[in-house]
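# What shape does this take:
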Amino acid sequence: MSRVLILHTGGTIGMTKTEKGYQPDGAYFRQAIFHMDSLKAEGMPEWDFMETDPLLDSSRMAVAEWNMIGQLISDNYEKYSGFVILHGTDTMAYTASALSFMLKGLRKPVILTGSQIPLCETRSDGRDNLITSLIIAGEAIVREVCIYFGGHLLRGNRATKFSADGMQAFISPNYPDLATAGIAIRYHKSVLREPPEEEFECQPFKNIPIGILKVFPGIRFPLFASVVCSKLQGIVLETFGSGNLPDDEGALLPMLEEATGNGAVVVVCSQCPQATVDMQAYEAGSVLRQAGALSGSDMTSEAAVTKLYYLFSTCRDVKEVKYYMEKNIRGELT
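This is a model prediction of the structure:
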């Protein structure tokens, strides 16, 4: 029989109401799930429970927490057939993307889930999300990092948060769902990743300086020059459409040329959730390629940021980072 590790890191699913609003409550949550009959029902996998200390609101998740989660999976990799990570929704897509790169050679399901309404509330969506995630992790049909939420199983590095209050909080705008859960769980096997050939290993991230710059009408690029040119190693530039941006009297080109000359890697993504960057399609975007920027293709910004962390942590030099940034290594781009 399969055995799954449930790792509780925090988030809405395990919170209770206090005078200061909802806050993580490990004692309540442990009692709640150990008394949840559905988790012990026939057909459910065996499971163990682990909790991080401290439990965190996901807005406080960063590189150190990604490394901690990745290491816990690595330490327990041989003991379990799958993993369920309970996580807050705000940064779940970042953590899922980070783990997809960090866990090289992954051959087991790592399913991130949570809820929009705490488990302590009557209408909580956490029960179904937890139960179904546990089943998916136990069946081990998917062998990658995923997000399960509101009936949809998404590739982790293709997902982005879509709604702050809807029960379907995440979408995968540029890649199909891996599975849908109705009366039965239906896997779309044609879009699942093949098991990797390399051996499993966990590669922790270095905490390098990375930033996101979202362009907008009227942006004054010189205001950002001191940070972009000298303080960042990785820059995700969120442009209009398929890679267009305002001219600002030609101020962007020299700024990006200086940044790339200083060893920074600039990756161009789109502000449109459903889009593919093509910097040759319009004259307004061709300046980016001239300045040494790279195409993020149809990656989410979450995937672009975490991929930069991964590549700067593993590659020998900037040239190698740039090469792999435009290559598909974990199913993150088409």
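
# How about residues contacting the worst-scoring helix or strand of the chain on mean pLDDT?
When the helices and strands of the chain are scored by mean pLDDT, DSSP states H and E, helix 283-290 comes last with a mean of 80. For helix 283-290, contacts defined as Cβ atoms under 8 Å, 6 or more residues apart in numbering pick out 237, 239, 242-245, 247, 252-253, 256, 266, 268, 277-280, 295. The way it works is simple: take the backbone N, C-alpha and C, and place the C-beta from them, glycine included.

# Now with 7 Å, please.
T239, S242, G243, N244, L245, L252, L253, V268, M279, Q280 (Cβ atoms under 7 Å, 6 or more residues apart in numbering).

# Which members of these are positioned in strands?
T239, V268 (DSSP state E).

# Closest one of the contacts of helix 283-290 to N174?
S242 (12.6 Å; Cβ to Cβ).

# Can you report phi and psi for the closest residue to that closest one other than its chain neighbours?
Excluding its sequence neighbours, the residue lying closest to S242 (Cβ to Cβ, 6 or more residues apart in numbering) is D278, at 4.7 Å. Taking degrees, to the nearest 10, you get phi -140, psi 100 for the backbone angles of D278.

# count of residues packed around D278?
Using other Cβ atoms under 10 Å, D278 is surrounded by 16 other residues.

# right, and it touches N244 too?
No. In this structure, D278 is not within contact of N244 by Cβ atoms under 7 Å, at 9.9 Å.

# Tell me where the stretch 101-250 of the chain has helices.
126-139, 225-230 (DSSP state H, counting those that start in this stretch).

# Pick out the shakiest of these, pLDDT-wise.
If these are sorted by mean pLDDT, helix 225-230 sits at the bottom with a mean of 92.

# Please identify the buried residues of that one?
Of the residues in helix 225-230, A225, V228, C229 count as buried by neighbour count, 16 or more other Cβ atoms under 10 Å.

# same check, this time on stretch 10-19
Quick answer for stretch 10-19 (16+ other Cβ under 10 Å): G10, G11, T12, I13, G14, M15, T16.

# chain center to it: distance?
The gap between where stretch 10-19 is centred and where its chain is centred comes out at 22 Å by Cα atoms, centre = their mean, to the nearest Å.

# what's the answer for stretch 49-64, then?
15 Å.

# Following element in sequence after the least confident helix or strand of the chain, please.
strand 294-295 (DSSP states H and E).

# Tell me the helices and strands packed up against that next one.
Judged by 3 or more Cβ pairs under 7 Å, 6 or more residues apart in numbering; DSSP states H and E, the packing partners of strand 294-295 are strand 265-270.

# List the strands paired with the strand it packs on, with their directions.
Sheet pairing of strand 265-270 (DSSP bridges) gives strand 234-239 (parallel), strand 294-295 (parallel).

# what's next to it, contact-wise?
So strand 265-270 is contacted by 233-239, 241-243, 256, 259-260, 277, 279, 288, 292-296, 299, 301, 304, 308, 318, 321-322, 325 (Cβ under 7 Å, 6+ apart).

# ok, now with 6 Å
234-239, 243, 256, 277, 288, 293-296, 301, 304, 321-322 (Cβ atoms under 6 Å, 6 or more residues apart in numbering).

# just stretch 161-172 next, same as before
By Cβ under 6 Å, 6+ apart, stretch 161-172 touches T89, A93, Q116, D125, I147, F149, G150, L154, R158, A159.

# which one of those is nearest A62?
A93 (14.3 Å).

# Can you report how many residues lie near that closest one?
29.

# Find the helix or strand that it is a member of.
In the assignment (DSSP H and E), A93 maps to helix 92-102.

# which strands and helices sit next to that helix?
helix 63-75, strand 145-149, helix 301-314 (3 or more Cβ pairs under 6 Å, 6 or more residues apart in numbering; DSSP states H and E).

# With distance to V215, mean neighbour count and mean pLDDT added, can I get these in CSV?
CSV is the format used below for these (distance: least, Cβ to Cβ, whole Å; neighbours: other Cβ atoms under 10 Å; pLDDT from 0 to 100):
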stretch, distance to V215, mean neighbour count, mean pLDDT
helix 63-75, 26, 17, 98
strand 145-149, 28, 30, 98
helix 301-314, 13, 24, 98
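
# Can you add distance to E51 and give the ones you listed back as JSON lines?
Listed next are the helices and strands packed on helix 92-102 as JSON lines, based on distance: least, Cβ to Cβ, whole Å:
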{"stretch": "helix 63-75", "distance to E51": "11"}
{"stretch": "strand 145-149", "distance to E51": "20"}
{"stretch": "helix 301-314", "distance to E51": "24"}
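
# okay, now the closest residue in space to D177 that isn't next to it in sequence: neighbour count?
Distances taken as Cβ to Cβ, 6+ apart place H152 nearest to D177, at 5.0 Å, with adjacent residues excluded. Residues within reach of H152, counting by other Cβ under 10 Å, total 19.

# what's across from H152 in the sheet?
Under the criterion used (DSSP bridges), H152 bridges to F149, T180.

# switch to numbering from 886
Sure, I'll start numbering at 886, so the last one becomes H1037.

# Local confidence estimate at it?
Predicted confidence (pLDDT) for H1037: 98.

# on that earlier part again, between the strands paired with strand 1150-1155, which one is closest to S1075.
strand 1179-1180 (25.9 Å).
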